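Participant: The sequence isn't on hand, but the structure is:
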């Protein structure tokens, strides 16, 4: 008992310094003025940023749904492959992630620009040019592109545990393709679905680099706002902390909504 | 008899990666019959079941159900249900919902589902288990749920793929009797796959002995046991002494240097044959009174009987006897004409394994 306490000490110190202390500081800043006086103005003043918050939630939600729709069949197909093919497919999926995040997003910039590669190619067949960069669509695309693997991996890992005979049993009992998906695959993949949703939604809702690079000035997200309060011209760490606090509460709320049901199922799956 | 064929496989061939698992396989299965596909692992019996279930489309050949070609029909449209080897219950559903699965897909109204499911639970002896998680049940209970889940759909045919393989001996014996009872009370066709010859003999109306993707013999358990068609069947079903012999004339065969009177005729003179003698059909007598005599080499107590190996002129005879003889004793053996089964010679004879 004493031994485990000693061993866990470095972690406790680590957590105190890098998790608890920053949290306390964020809370402190959020409820104080630059002079150090207690105030609720930072929080109550957030009302005018409502559109930014809703836009952040909306775009992150769209990106999450698209990721889920793309990843679900893909993860299933991979999970049914032979083992050697599975690891190769996973490698291909993860390969882009070894490249720098900024670099990947820059690449999309040059692809989507008004005189970028895509528009020039379309020009060859006398189409466009289309306005693609600096749109909400481009931001969603950036989120999907960057976070798709985080949806595929948890889905894949639960789906490999689904025995083929369970799918065959469903077919045997009269389930067509849709029946198999809705009555067997989706319920059995639920732990992976919730994990994937969290892994995509949370970074999407707080991103600032994707919206800055692909969304231009029109698609400001909460992440951009917060960044501006700390590093930009608008320098106001107190307001920034209030925003960060609200974002954190939003994320926790969201996670508690998706998380509670999955814990129990996760345990069942492991048996 | 011929008109009540319910499933018919006609020249079915299946190959995986160029390796033929079923070759030109034809089989008729009659309605309300308990048919067992019996053979060693890899003989193609599970493949046959998967072809009937619709999980495998054969490379060539046709499958007929009630005279209708169903070769390309997907599994969910067939009037056939399967009990899978490892049960394949839905882990996210409780017992009730597992059994109700097929009915829900057919949009059967709720009250009707309740009646049907509880009928099935009665049938398999699991009353009161409706709300249980299937993952918390024992192997035998899961097995019963799997059977109920399949039977509630009132299939014309139930396919069972080594369903008792994972159960312990005692439970297996109970379930064998149970399955036979269920089959008889519902009057539906059971197609049962197993490698366990005893299981096959206990339950079946008809046994299909298979090896390497071909049928070796089809017959009732009694026929297959008493009149094996070749050395493979004889060896696979029960224990036996298989000796090479030569037909001296009708009703007389020579083997192990001795001539035996037998009940078989119609072979060519001097034809090479295999003769099969079941170990329990050899009677131990005083050395002078036997047709052959030999020395007891080993004795093993098996419960109901002693299993002995008797050596005679280079042959080792497997003998089952209720009386005990010491090792090294000289014994005589009597084999009645009815106990000698003569088959055309096949290459695959392993007398001394």
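Facilitator: Happy to help now that I have it. If you're wondering where the values come from, they're calculated on a predicted model, not measured in any experiment. Numbering: from 1, shown residues only, chains lettered A, B, ... in the order given.
Participant: Going along the chain, name the strands of the stretch 251-353 of chain B.
Facilitator: Listed in chain order, the strands found in the stretch 251-353 of chain B under DSSP state E, counting those that start in this stretch are B:252-255, B:258-261, B:272-277, B:283-285, B:292-301, B:306-312, B:315-321, B:330-334, B:341-344.
Participant: Next: chain A.
Facilitator: For chain A, no strands are identified by DSSP state E.
Participant: Around chain B, which positions in chain A sit nearby?
Facilitator: Residues of chain A lying near chain B by CB under 8 Å from any CB of the partner chain: A:163, A:165-166, A:168-176, A:179, A:183-184, A:187-188, A:190, A:265, A:268-269, A:271. Quick note: C-beta positions are derived from backbone N, CA and C, even for glycine.
Participant: Quick one: residues contacting the closest residue to chain A within the stretch 151-300 of chain B.
Facilitator: Nearest to chain A, among the residues of the stretch 151-300 of chain B, is residue B:153, at 6.4 Å (CB to the nearest CB). By CB atoms under 8 Å, 6 or more residues apart in numbering or on different chains, the residues touching residue B:153 are A:173, A:174, B:81, B:102, B:103, B:106.
Participant: Domain-wise, how is chain B divided?
Facilitator: Using automatic domain parsing, the domain parsing of chain B gives B:5-231, B:239-344.
Participant: of the contacts of residue B:153, buried ones?
Facilitator: A:173, A:174, B:81, B:102, B:103 (16 or more other CB atoms under 10 Å in any protein chain shown).
Participant: Take these and write them to JSON lines, including distance to residue B:42.
Facilitator: Putting the buried ones among the contacts of residue B:153 into JSON lines (distance: CB to CB, whole Å) gives the following:
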{"residue": "A:173", "distance to residue B:42": "28"}
{"residue": "A:174", "distance to residue B:42": "31"}
{"residue": "B:81", "distance to residue B:42": "25"}
{"residue": "B:102", "distance to residue B:42": "31"}
{"residue": "B:103", "distance to residue B:42": "36"}
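Participant: Of these, which is the nearest to residue A:131?
Facilitator: residue A:174 (49.7 Å; CB to CB).
Participant: That closest one and residue B:78 touch, don't they?
Facilitator: No: look at residue A:174 against residue B:78 with CB atoms under 8 Å: they stay out of range, at 9.2 Å.
Participant: So which of the buried ones among the contacts of residue B:153 are in helices?
Facilitator: Those of these mapping onto helices are B:102, B:103, per DSSP state H.
Participant: Report the two of the buried ones among the contacts of residue B:153 separated the most.
Facilitator: Checking the buried ones among the contacts of residue B:153 with CB to CB, the most distant pair is B:81 and B:103, at 12.1 Å.
Participant: Is it correct that residue B:37 falls within a strand?
Facilitator: Yes: the assignment for residue B:37 by DSSP: H, G, I helix; E, B strand; the rest coil puts it in a strand.
Participant: Leaving aside the residues adjacent along the chain, what's closest to it?
Facilitator: Sequence neighbours aside, residue B:45 is the residue nearest to residue B:37 in space, at 4.0 Å (criterion: CB to CB, 6 or more residues apart in numbering or on different chains).
Participant: Can you give me the distance of the one you found to residue B:223?
Facilitator: 19 Å (CB to CB, to the nearest Å).
Participant: So for the two, which sits in the more crowded spot?
Facilitator: More neighbours surround residue B:45 than the other of residue B:45 and residue B:223, with 28 against 14 (other CB atoms under 10 Å in any protein chain shown).
Participant: My guess is the more buried one contacts residue B:36. True?
Facilitator: No: taking contacts as CB under 8 Å, residue B:45 lies outside contact range of residue B:36: 9.0 Å.
Participant: quick one on the thing from earlier: winner for burial among the strands of the stretch 251-353 of chain B?
Facilitator: strand B:272-277 (a mean of 22; mean count of other CB atoms under 10 Å in any protein chain shown).
Participant: Tell me how many other residues crowd residue B:120.
Facilitator: Counted with other CB under 10 Å, residues neighbouring residue B:120 total 22.
Participant: ok and the residue in the stretch 1-150 of chain A nearest chain B?
Facilitator: In the stretch 1-150 of chain A, the residue that lies nearest chain B is residue A:82 (11.6 Å; CB to the nearest CB).
Participant: Check what pLDDT that residue gets.
Facilitator: Looking at residue A:82, its pLDDT is 92.
Participant: That one and residue B:59: what is the separation?
Facilitator: Counting by CB to CB, the gap from residue A:82 to residue B:59 is 21 Å.
Participant: Those two: which is more packed in?
Facilitator: residue B:59 (13 against 8).
Participant: Next, the contact list for that one, please.
Facilitator: Counting by CB under 8 Å, 6+ apart, residue B:59 has contacts B:13, B:14, B:15.
Participant: need those in TSV with secondary structure, pLDDT and distance to residue A:256, can you?
Facilitator: As requested, these are arranged in TSV below (DSSP: H, G, I helix; E, B strand; the rest coil; pLDDT from 0 to 100; distance: CB to CB, whole Å):
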residue	secondary structure	pLDDT	distance to residue A:256
B:13	strand	93	57
B:14	strand	93	52
B:15	strand	91	54
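Participant: Out of the residues you listed, which is nearest to chain A?
Facilitator: The nearest member of these to chain A, counting by CB to the nearest CB, is residue B:14 at 16.4 Å.
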